[in-house]
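Engineer: Below are the sequence and a predicted model for it; my questions follow.
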Amino acid sequence: MRATFRTLITELNVTAFARNRHDHAVSVMRWALILVPMAALVGTLCAAFLWSLDAVTRLRFAWPWLLYLLPVGGFVVGLLYHLTGRSVEGGNNLIVEQIHEPGGGVPLRMAPLIFLGTVVTHLFGGSAGREGTAVQLGGSLASGFGRALKLDADGTRILLMGGIAAGFGAVFGTPIAGAVFALEVLAIDVAETALARAEGAQESATTALGMIEEQDRPSSA
């Protein structure tokens, strides 16, 4: 009887393992069909972005007087955001918020606005990093994919992280670093909680140590 029961448990475990493996395989295939086209589009846009940066940089070196028009370029970019991009002024913070608490999503127009804004800034000699542009390009396109596919909150979160990883990895040519960067964004809340608890622990320890030292200190009498 015991042997029969053990055999039954073994069979049930094998069945459950086979079923879980099938479910995992289906999930992997599903996300591959979603992430690969999205990442390909992000990579293509990032390639166009890098080509544009190279072109405007060569143009600026050929025409040094463009530096004097930097205030004009800044005014144009600021006016463009004021007129059409008020909902995307949050930039990277907006994407991070949507990862932790998916809600209204990231407007798709963030991609062309950050693209044009960064290129124009570089044309006139301004300072604009690639990291923020990569994150916003990937995040806005990923959010657009999520809305088109009507994904739930968890699906949107995964897609946004994939978009960030794709953008970061494509712009800097570092796919693994892109994935790690996306995971770091997800871990911000965990890190903040851990930091707060660690701060509380060290304050308690310091207070306790001070009380002990005060009691052990010899009196002057």
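Structural biologist: The structure has been received and is ready for your questions.

Engineer: three-state assignment of the closest residue to residue 136 other than its chain neighbours?
Structural biologist: Once flanking residues are discounted, residue 136 sits nearest to residue 114: 4.4 Å by Cβ to Cβ, 6 or more residues apart in numbering. C-betas here are computed from N, CA, C, even on glycine. Secondary structure assignment for residue 114 (DSSP: H, G, I helix; E, B strand; the rest coil): helix.

Engineer: Look up how far residue 113 lies from residue 153.
Structural biologist: 25 Å (Cβ to Cβ, to the nearest Å).

Engineer: The two: who's more crowded?
Structural biologist: For the pair residue 153 and residue 113, the greater number of neighbours falls to residue 113 (20 against 12), based on other Cβ atoms under 10 Å.

Engineer: That one contacts residue 83, doesn't it?
Structural biologist: No: applying Cβ atoms under 8 Å as the test, residue 113 and residue 83 come out as separate, 10.5 Å apart.

Engineer: tell me the mean pLDDT for the helix or strand hosting residue 72?
Structural biologist: If you go by DSSP states H and E, residue 72 is part of helix 70-84. The pLDDT scores in helix 70-84 average 87.

Engineer: other SSEs contacting it?
Structural biologist: For helix 70-84, the packing partners by 3 or more Cβ pairs under 8 Å, 6 or more residues apart in numbering; DSSP states H and E come out as helix 110-123.

Engineer: and the angle from the helix it packs on to helix 70-84?
Structural biologist: Interaxial angle, helix 110-123 versus helix 70-84 (axes from the mean of the first three to the mean of the last three Cα atoms, to 10 degrees): 170 degrees.

Engineer: Could you check how many residues crowd around residue 144?
Structural biologist: 21.

Engineer: Show me which residues of stretch 149-166 are buried.
Structural biologist: For stretch 149-166, a neighbour-count test (16 or more other Cβ atoms under 10 Å) marks 151, 155-166 as buried.

Engineer: Among these, which one sits closest to residue 70?
Structural biologist: Residue 70 lies nearest to residue 164 out of these, by Cβ to Cβ, at 29.6 Å.

Engineer: Next, the angle helix 110-123 makes with the host helix or strand of that closest one.
Structural biologist: Under the criterion of DSSP H and E, residue 164 resides in helix 153-172. Angle, helix 153-172 to helix 110-123, by the same axes, to 10 degrees: 20 degrees.

Engineer: After helix 153-172, heading C-terminal, what element do we hit next?
Structural biologist: Downstream of helix 153-172 (by DSSP H and E), the next one is helix 175-186.

Engineer: so for that following helix, what's the average pLDDT?
Structural biologist: The predicted model gives helix 175-186 an average pLDDT of 77.

Engineer: That one packs against which elements?
Structural biologist: Applying 3+ Cβ pairs under 8 Å, 6+ apart, one finds that helix 175-186 contacts helix 92-100, helix 153-172.

Engineer: From the chain's centroid, how far away is it?
Structural biologist: 7 Å (Cα atoms, centre = their mean, to the nearest Å).

Engineer: can you check stretch 173-189 too?
Structural biologist: 7 Å.

Engineer: can you pull the buried residues of the helix holding residue 72?
Structural biologist: Within helix 70-84, the residues that count as buried by 16+ other Cβ under 10 Å are 73, 77.
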